[in-house]
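Asks: how would this look folded up:
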Amino acid sequence: MRFGGIYEPYDPPPPNSPFAFRKWNTIADMTAIAVVCLPDGFVIGADGLRKSFSGETVTEEGQKVFCFRNDKIVLAYAWCGQTVIWGENNREPVFFDFRSTTESCLLTASSSNDLTSFANDFCSLLQSALVIDKFPNKWADDSFEGSVARMLIAGYFDTELFMAEVTVTRGKGSTLDVSARRITPGQQRLRVFSGCPHVSPDEDLTKKPENSQDAKNLICTYIRRCVENPKCNGRIGGKSHVAFVTPDSFTWIEPPAGVAV
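Replies: Alright, predicted model coming up:
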């Protein structure tokens, strides 16, 4: 099963493998994001290493998994790729930040009547935010053709579980396009959204978790394998953080630095 269902695997995964990767890209997959669905909710986690476009370490205690909720939606989201457009020499000021923009787009889209409208409205809002005049040339200069950033969004809309991959791509010139694809959740198995393509799905990573703590351990084991793999040296690391999401709640199992449980 390909987790996102739309990208080519780096290597053909074994039958029924929980792993599937896009072709390795030093920018687009410079993070590890994984999820495990359980009967009563799902567990999602990520590493804490953030780097600039030029490869400089920004922080090892970054938060990549975030929560959004209102009276009918509880969800988690996490971005990977070139999620920040920096100023001169890839430093301050920040011209654009996907994470901060996501929050306002989700807030406006959350008034939608159904899940399909919610996804379409979110993509339209993000698309509009990406064409403001102050940064398109900057992006064209610093970015690359193809995938720029991807987001895993997972949660409950009127208690219905859903998962989706939001992709931002750049064609020739500075044109940016936003699209979304629905993902079919896999029950009680580790599913990798982004990470090191050289980590093998061995017995420790394919076992069935019994509860949220087991799922958290699976995700942290996967992230540790990414960090330790010499072929992915320096791309993934820092403090991992993991959350448990149900139709009614978002709870940190392992919080990011500076966030209280």
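Asks: For Ser179, the count of nearby residues, please.
Replies: Around Ser179 there are 12 other residues, counting by other Cβ atoms under 10 Å. (C-beta placed from N, C-alpha, C; glycine too.)
Asks: same thing with Val227?
Replies: Using other Cβ under 10 Å, Val227 has 21 neighbouring residues.
Asks: Settle this for me: it is touching Ile236, isn't it.
Replies: Yes - counting by Cβ atoms under 8 Å, Ile236 is a contact partner of Val227 at 5.5 Å.
Asks: residues bridging contact with those two, i.e. touching both?
Replies: Jointly contacting Val227 and Ile236 under the rule Cβ atoms under 8 Å, 6 or more residues apart in numbering are Asp47.
Asks: List the buried residues for stretch 66-86?
Replies: 66, 68-69, 73-86 (16 or more other Cβ atoms under 10 Å).
Asks: starting at the chain centroid, how far to it?
Replies: Chain-centre distance of stretch 66-86: 8 Å, with Cα atoms, centre = their mean, to the nearest Å.
Asks: please begin residue numbering at 292 from this point
Replies: Noted, 292 is the first residue going forward, which turns the last one into stretch 357-377.
Asks: Dump it to PDB, keeping only the CA atoms.
Replies: What follows is stretch 357-377, C-alpha atoms only, in PDB (Å, rounded to 0.1, in the frame of the first residue of the first chain):
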ATOM      1  CA  PHE A 357       0.100  20.700  15.300                       C
ATOM      2  CA  CYS A 358      -3.500  20.600  16.400                       C
ATOM      3  CA  PHE A 359      -6.600  22.300  15.100                       C
ATOM      4  CA  ARG A 360     -10.100  21.900  16.600                       C
ATOM      5  CA  ASN A 361     -13.500  23.400  16.800                       C
ATOM      6  CA  ASP A 362     -17.000  22.100  17.500                       C
ATOM      7  CA  LYS A 363     -17.000  19.700  14.500                       C
ATOM      8  CA  ILE A 364     -13.300  19.100  13.700                       C
ATOM      9  CA  VAL A 365     -10.400  17.600  15.600                       C
ATOM     10  CA  LEU A 366      -7.300  17.200  13.500                       C
ATOM     11  CA  ALA A 367      -3.500  17.100  13.500                       C
ATOM     12  CA  TYR A 368      -1.300  18.300  10.700                       C
ATOM     13  CA  ALA A 369       2.400  18.200   9.800                       C
ATOM     14  CA  TRP A 370       4.400  19.600   7.000                       C
ATOM     15  CA  CYS A 371       7.600  18.400   5.300                       C
ATOM     16  CA  GLY A 372       9.700  20.000   2.600                       C
ATOM     17  CA  GLN A 373      10.600  23.700   2.100                       C
ATOM     18  CA  THR A 374       8.000  25.000   4.600                       C
ATOM     19  CA  VAL A 375       9.600  28.400   5.100                       C
ATOM     20  CA  ILE A 376      10.700  31.000   2.600                       C
ATOM     21  CA  TRP A 377      13.600  32.900   4.200                       C
END
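Asks: average pLDDT across that stretch?
Replies: On average, the pLDDT along stretch 357-377 is 89.
Asks: returning to what we had before: so of the buried residues of stretch 357-377, which ones are in helices?
Replies: Using DSSP state H, no member of these falls within helices.
Asks: So the residue nearest to Leu467 when sequence neighbours are not counted versus Val483, what's the distance?
Replies: Leaving aside its chain neighbours, Leu467 sits nearest to Leu421 (4.7 Å; criterion: Cβ to Cβ, 6 or more residues apart in numbering). Leu421 sits at a distance of 27 Å from Val483 (criterion: Cβ to Cβ, to the nearest Å).
Asks: Could you do Ser402 as well?
Replies: According to Cβ to Cβ, Ser402 and Val483 sit 33 Å apart.
Asks: who has more neighbours, the two?
Replies: Neighbours were counted for Ser402 and for Val483 using other Cβ under 10 Å; Val483 has more, 25 against 11.
Asks: now the helix or strand where the more buried one lies, how far from the chain's geometric center?
Replies: Per DSSP states H and E, Val483 falls inside strand 481-485. Strand 481-485 has its C-alpha centroid displaced from the chain centroid by 9 Å (Cα atoms, centre = their mean).
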